[in-house]
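Participant: sequence-free structure coming up:
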């Protein structure tokens, strides 16, 4: 997920399973701009962090946010080594943290609650950074691969979840997208980042929940790249 603020600051959320992200970034960033102000890596799974190694080779990255979580995959170890070699500024997310992307754009962290996990969730998906990007009255809710337990937790906290755009959790898996969570978010657009897979994503029950809540569902496996123009008072889907 790529977001460019009105001031020209570049934010990248996750980096995909390979180096395809480089070509995508080349199409949306100005040719003279090879700096990313913020990269958010929601959790350590390879399909969310693998492309970051190549990004670090070709872009100057000011700040990387990633959860303080243990994960022993070779891809993740390589990424951590690269971050250390580049002396990248790494910050850890926590509830209540507010990142000012420019004078008008902010990213509020909703989860994890603390910078470290006293007991790391058994499912590494549940260390996912969850937060809301806001520009004026317009909001985008970003959920990583967080599952229903985390959604329930956020509901109990009573955090403001309303969003014009929802990045649907865990590629449309039935293990995310509680009906109560979707109702609280009440998105106009629900974006499912998904490709060909053996898991059955997105699951029919999730599609049914989104339909029941009157969200317009947009899937990358059907629509390809999905873009929005975001204004302080509205969102417009790009053609």
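Facilitator: Nice, I can see it. Because the structure is predicted, anything quoted here is derived from the model rather than measured.

Participant: Tell me where the chain has helices.
Facilitator: Assigned by DSSP state H, the helices in the chain fall at 20-28, 46-49, 52-58, 74-85, 148-157, 179-185, 204-212, 220-223.

Participant: closest to residue 116 out of the ones you listed?
Facilitator: Residue 116 lies closest to helix 74-85 among these, at 15.5 Å (C-beta to C-beta). All C-beta spots, glycine's among them, are computed from the backbone N, C-alpha and C.

Participant: Does anything pack onto the closest one? Which helices or strands?
Facilitator: helix 46-49, helix 52-58 (3 or more C-beta pairs under 8 Å, 6 or more residues apart in numbering; DSSP states H and E).

Participant: Give me the buried positions along that helix.
Facilitator: 75, 76, 79, 82, 83 (16 or more other C-beta atoms under 10 Å).

Participant: Now the helices and strands packed on helix 74-85 in a markdown table, please, with extra columns for mean neighbour count and distance to residue 133.
Facilitator: Shown next, in a markdown table, are those (neighbours: other C-beta atoms under 10 Å; distance: least, C-beta to C-beta, whole Å):
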| stretch | mean neighbour count | distance to residue 133 |
| --- | --- | --- |
| helix 46-49 | 21 | 17 |
| helix 52-58 | 17 | 19 |
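
Participant: nearest to residue 108, of the ones you listed?
Facilitator: So among those, helix 46-49 is nearest, using C-beta to C-beta, at 20.3 Å.

Participant: what distance separates that closest one from the centre of its chain?
Facilitator: Chain-centre distance of helix 46-49: 12 Å, with C-alpha atoms, centre = their mean, to the nearest Å.

Participant: what sits up against it?
Facilitator: 14-17, 41-42, 66, 73, 75-76, 79, 144-145 (C-beta atoms under 8 Å, 6 or more residues apart in numbering).

Participant: cool, and stretch 24-31?
Facilitator: Contacts for stretch 24-31 (C-beta under 8 Å, 6+ apart): 2, 4, 10, 12, 55, 59, 225.

Participant: Mind giving me the ChimeraX select for the residues you listed, buried ones only?
Facilitator: In ChimeraX, a selection of the buried entries from the contacts of stretch 24-31 looks like this (16+ other C-beta under 10 Å):
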select :2,4,10,12,55,59
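
Participant: Could you identify the most distant pair in the contacts of stretch 24-31?
Facilitator: Longest span within those, C-beta to C-beta: 59 and 225, 19.2 Å.

Participant: Quick check: the gap between the residue lying farthest from the centre of the chain and residue 8.
Facilitator: Most distant from the centre of the chain: residue 32, at 25.5 Å, with distances by C-alpha atoms, centre = their mean. Going from residue 32 to residue 8 by C-beta to C-beta, to the nearest Å gives 11 Å.

Participant: and for the two, which residues touch both?
Facilitator: With C-beta under 8 Å, 6+ apart, residue 32 and residue 8 have no common neighbours.
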